[in-house]
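Chemist: Below: sequence and its predicted model.
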Amino acid sequence: MTEIPTTMTVDVAIVGSGFAGLGAAARLVQEHRPDFVVLEKGATLGGTWRDNTYPGCACDVPSHLYSFSFAPNPNWTRLFARQPEIRAYLEQLADRFDLRSRIRFGATVTGAEWDGTRWVVQLADGTIVNARAVVWGTGALHEPSVPEIEGLDAFTGTAFHSAQWDHGHDLRGKRVAVIGTGASAIQFVPQIQPGAASLTLFQRTPPWVLPKPDRPIPAPLRALYRLLPMAQRVARSVIYARNELLVSGFLHPRRMRVVERFARLYLDRTFAGRPDLKAKVTPDFTIGCKRILMSNDYYAALKSPNVEVVTDRIARITATGVVTADGVEHPVDTIIFGTGFRIADSLGRLTITGRDGVKLNDVWRAGPEAFLGTTVAGFPNLFLLAGPNTGLGHSSMIFMIESQVNYVLDALRVLDVSGARAIDTRPERQARFNAELQGRLDGSVWSQGGCASWYLDENGRNHTLWPGYTFDFRRRTRAVDPADHELVG
């Protein structure tokens, strides 16, 4: 076994081995930049698609779009891939670009500091990684969010988050409580409902749900994609163009009425004869204000005799049940949290220090902001993938990540050509960019749709989503504009 060095020096350090980290690593290989390391806290690669293994886990973005354009997969077996197949794609990506030898597993980053010439990255085991540039590819969906509920510690049954699924706990015959109705819950609820003795779904806000146009991709069509890659590129382009049509509705909420009409028809058809349940699961906000979910079996599961949808607020948890604000105690053996992730403070546990000793946590005290979601003024040669305001409500984050990686590669080229030590974003350019973003977001469905969502912070500002077309983001990240940055040294 190779001994772990106490210090190592590389040109580029990449943090995370999910889509963002592996995508950046693969492109560095393509650009003949082999001097890099991928720092992964886990024992295996995969990021979100390694951690989330709950029953029914799948993507709600079509498979052909949820992959890198430079590494297409002609062998997707479904229009919407499931977790094992997505993780297998990432494993294949690592093999295709010979990335495994460059990944250091068990490398938990605890902090990073710019020392004036390079980044000094600290790992939990004491290792120091010196790097000219750091690419942060951990994303925001890696810290499970478990609500603080009185009495949770006293619960004598089994409790876990969907991203930390306890596969050793048999749910058959159990009285199961599901807290939360997010994207994960609507996937695993139909999977566990048939075997549970009872399933009590504690719903704070019902989501808008549309039917999922999922089906197997026939073997002859997969063979065509292998023999004629252009056919798959055409399919990808059609999916991409169709999804971009939704942007207008997100930015002009009244236009979402067409989409909402389809969602209401789905509700009417599914809950015919069940007006009481339909009332409980019908949202009172404009569709798109919160994430639009897709499922063909979630509503059907809610109509099952062993399922109860509870809309009263949870007051506390006892040793054997969940008590709601109306005083009713619901006896349960198992609690599953489908409550998403800690988005706002995904980097909050780390100390990242830039120029003049400035801490990223202090800079982001009023909310995370970056330039093009990728660079932060005062933090030279630090690049964030899937950073602030790069999230999407309509298309593939892989497209956004690929765009950002293009930007990172061009920044490295600028450094090579100029001979400069570092590239840093001008504060006034970053401020102007974010003022423009917030202006566009103010009139969007996310701000005007009448809901409270994790997209918005406590001040109502949206630091999560990109307010526009993804091809506009691709255009703006195609190359570094020298006017937006200063070269240091």
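Modeler: Arrived safely.

Chemist: just for this protein, where's the confidence low?
Modeler: Applying pLDDT under 70 to the chain flags residues 1-5, 141-142, 343-346, 348.

Chemist: my read: residue 169 touches residue 334, true?
Modeler: Yes. Counting by Cβ atoms under 8 Å, residue 334 is a contact partner of residue 169 at 6.8 Å. In short, each C-beta sits where N, CA and C put it, glycine included.

Chemist: between those two, what contacts are shared?
Modeler: Common neighbours of residue 169 and residue 334 are listed as residue 158 (criterion: Cβ atoms under 8 Å, 6 or more residues apart in numbering).

Chemist: what's the closest non-adjacent residue to residue 29?
Modeler: residue 97 (4.7 Å; Cβ to Cβ, 6 or more residues apart in numbering).

Chemist: still on that earlier bit, okay, residue 169 and residue 334: which has more neighbours?
Modeler: Using other Cβ atoms under 10 Å as the criterion, residue 169 and residue 334 rank with residue 334 on top: 21 against 14.

Chemist: who's that one bridged to?
Modeler: residue 158, residue 176 (DSSP bridges).

Chemist: so what's it up against?
Modeler: 157, 158, 159, 169, 171, 174, 175, 176, 177.

Chemist: ok, now residue 480?
Modeler: Under the criterion of Cβ under 8 Å, 6+ apart, the neighbours of residue 480 are 407, 410, 411, 414, 423.

Chemist: Just the buried ones from these?
Modeler: 407, 411, 414, 423 (16 or more other Cβ atoms under 10 Å).

Chemist: Can you lay out the residues you listed as TSV showing distance to residue 204 and secondary structure?
Modeler: Output for the buried ones among the contacts of residue 480, formatted as TSV (distance: Cβ to Cβ, whole Å; DSSP: H, G, I helix; E, B strand; the rest coil):
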residue	distance to residue 204	secondary structure
407	38	helix
411	42	helix
414	47	helix
423	44	strand
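
Chemist: hang on, the earlier thing: report the contact partners of the residue nearest to residue 29.
Modeler: 25, 26, 29, 30, 71.

Chemist: Please apply the same query to residue 329.
Modeler: Residue 329 neighbours (Cβ under 8 Å, 6+ apart): 318, 321, 322, 323.

Chemist: go again using 6 Å as the cut-off
Modeler: Residue 329 makes contacts with 321, 323, as judged by Cβ atoms under 6 Å, 6 or more residues apart in numbering.

Chemist: who does it bridge with?
Modeler: Residues in beta-bridge contact with residue 329 (DSSP bridges): residue 323.

Chemist: Closest to residue 289 out of the buried ones among the contacts of residue 480?
Modeler: Ranked by distance to residue 289 (Cβ to Cβ), the buried ones among the contacts of residue 480 are led by residue 407 at 29.9 Å.

Chemist: what's near enough to touch residue 473?
Modeler: Going by Cβ under 6 Å, 6+ apart, residue 473 touches 403, 466.

Chemist: Buried residues in the helix or strand that it is a member of, which are they?
Modeler: Using DSSP states H and E, the element containing residue 473 is helix 470-476. Judged by neighbour count (16+ other Cβ under 10 Å), helix 470-476 contains these buried residues: 470, 473, 474.

Chemist: ditto for stretch 151-158
Modeler: 152, 155, 157, 158.

Chemist: Now do the contacts for the closest residue to residue 225 other than its chain neighbours.
Modeler: Distance criterion Cβ to Cβ, 6+ apart; nearest residue to residue 225, sequence neighbours excluded, is residue 74 at 3.4 Å. Contacts of residue 74 were listed using Cβ under 6 Å, 6+ apart, and they are 222, 225, 226, 232.

Chemist: Pull out the buried members of those.
Modeler: By neighbour count, with 16+ other Cβ under 10 Å, these hold 222, 225, 232 as buried.

Chemist: Now for residue 200: which residues touch it?
Modeler: By Cβ under 6 Å, 6+ apart, the residues touching residue 200 are 177, 308, 310, 330.

Chemist: hang on, the second one in a strand?
Modeler: So that's residue 308. Yes. Assessed by DSSP: H, G, I helix; E, B strand; the rest coil, residue 308 belongs to a strand.
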